[in-house]
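S.K.: sharing a model that was predicted from the sequence below.
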Amino acid sequence: MSNTLPIKAIIWDFGGVLLRTEDPGPRQQLAQRLGTSPGDLEYLVFAGDSSLQAQLGKISLDQHWENIRLHYGFQPEEMQSFKTSFWEGDQLDYELVDIIRRLRGRYRTAMLSNAWENLRSLMTNDWHISDAFDTIVISAEVGLMKPDPQIFRLVLEKVDAAPQKAVLIDDFKENIEAARRQGLKTIHFKNRAQALGELGQLIGDFKFYPL
C-alpha cells in the first residue's frame, strides 16, 4: 500500500490507550464505600478542577491527592489504601508497547498525554517503557492540554513531522476532532485490535501479529 503522504510519526495517548481499566470492580467497590458513584469518583480524580490544575502543572500531584482526601473527609493514613483500590483494576498493555517499540525506527513514535507530573518517572523507572518513544509530551510539564491546538503543534515539532504525515491514536473523541482540525490523521481508540487494524491500513507495510 502506498500513500501520497506517507506516515512519518505515530502519536499515542496514554490513559485509556496504553493504560486501561480492565477490571472496574475495585473502583466500583471503592465508590460504594465512599458513598458515591464510580463516574463521580473518576470525574473527581481525572477531570475535576483539582485534577485539571495538576494536569496543567499549576498544582502538585500531592496537592491534588490532598484535595481528594479533604473532599471525602478520610484520614491521611487512609490515602494509600484509596490509591491502591482506585488503580487496582488498571493494566498497562505491554504487548502494545512492544509493538510501538517495533514501529520506532521506521516511524517517529511519540506519547502525548494529559497527565500529572509523575508520569515520566513511572514510565522510566517503574514500567520501563520510555524507550518505546522518540519523544514524550506530558501536559503537566508543558502547561498545555489536549484538545488545545498548541499541544498538537508542539508534539509535531518534536517529531519533526507535518500534520498530514502524523497520526494520533486517542480514546477521547474531542481530542481526535481537535487533532483532525489541525490536519493530523486520527484513530479513535476503542480496543487494541481495532486501533492496530486501522493503523495498518494507514501505514500498510507493518505486520503487527503474531506478537
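M.R.: Received it, and whenever you're ready, just let me know what you need.

S.K.: where's residue 127 relative to residue 108, distance?
M.R.: 21 Å (Cβ to Cβ, to the nearest Å). Glycine gets a C-beta too; all of them are placed from N, C-alpha and C.

S.K.: more neighbours: these two, which one.
M.R.: Using other Cβ atoms under 10 Å, the more surrounded residue of residue 127 and residue 108 is residue 108, with 22 against 15.

S.K.: buried stuff in the helix or strand residue 102 falls within?
M.R.: Assigned by DSSP states H and E, residue 102 belongs to helix 94-103. By neighbour count on 16 or more other Cβ atoms under 10 Å, the buried set for helix 94-103 is 96-97, 99-100, 103.

S.K.: pretty sure residue 150 sits against residue 144.
M.R.: Yes - with contacts counted by Cβ atoms under 8 Å, residue 150 reaches residue 144, the gap being 5.3 Å.

S.K.: of these two, who's got more company?
M.R.: residue 144 (21 against 11).

S.K.: please, which helix or strand holds the closest residue to the more buried one other than its chain neighbours?
M.R.: Spatial nearest neighbour of residue 144, excluding adjacent residues (Cβ to Cβ, 6 or more residues apart in numbering): residue 151 at 4.1 Å. Residue 151 belongs to helix 149-159 when assigned by DSSP H and E.

S.K.: CA atoms of that helix as CSV?
M.R.: Only the C-alpha atoms of helix 149-159 are listed here, as CSV (Å, rounded to 0.1, in the frame of the first residue of the first chain):
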residue,chain,number,x,y,z
PRO,A,149,-4.2,23.1,19.3
GLN,A,150,-0.8,24.3,20.7
ILE,A,151,0.0,20.9,22.2
PHE,A,152,-0.6,19.2,18.8
ARG,A,153,1.8,21.7,17.2
LEU,A,154,4.3,21.1,20.0
VAL,A,155,4.4,17.3,19.5
LEU,A,156,4.6,17.7,15.7
GLU,A,157,7.6,20.0,16.1
LYS,A,158,9.3,17.4,18.4
VAL,A,159,8.7,14.5,15.9
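
S.K.: which residue is nearest the centroid of this protein?
M.R.: The structure's the chain has its C-alpha centroid closest to residue 14; by Cα atoms, centre = their mean the separation is 2.0 Å.

S.K.: for residue 98, see how far away the spatially closest residue to that one that is not a sequence neighbour is.
M.R.: Leaving aside its sequence neighbours, residue 14 sits nearest to residue 113 (Cβ to Cβ, 6+ apart; 3.9 Å). Residue 113 sits at a distance of 19 Å from residue 98 (criterion: Cβ to Cβ).
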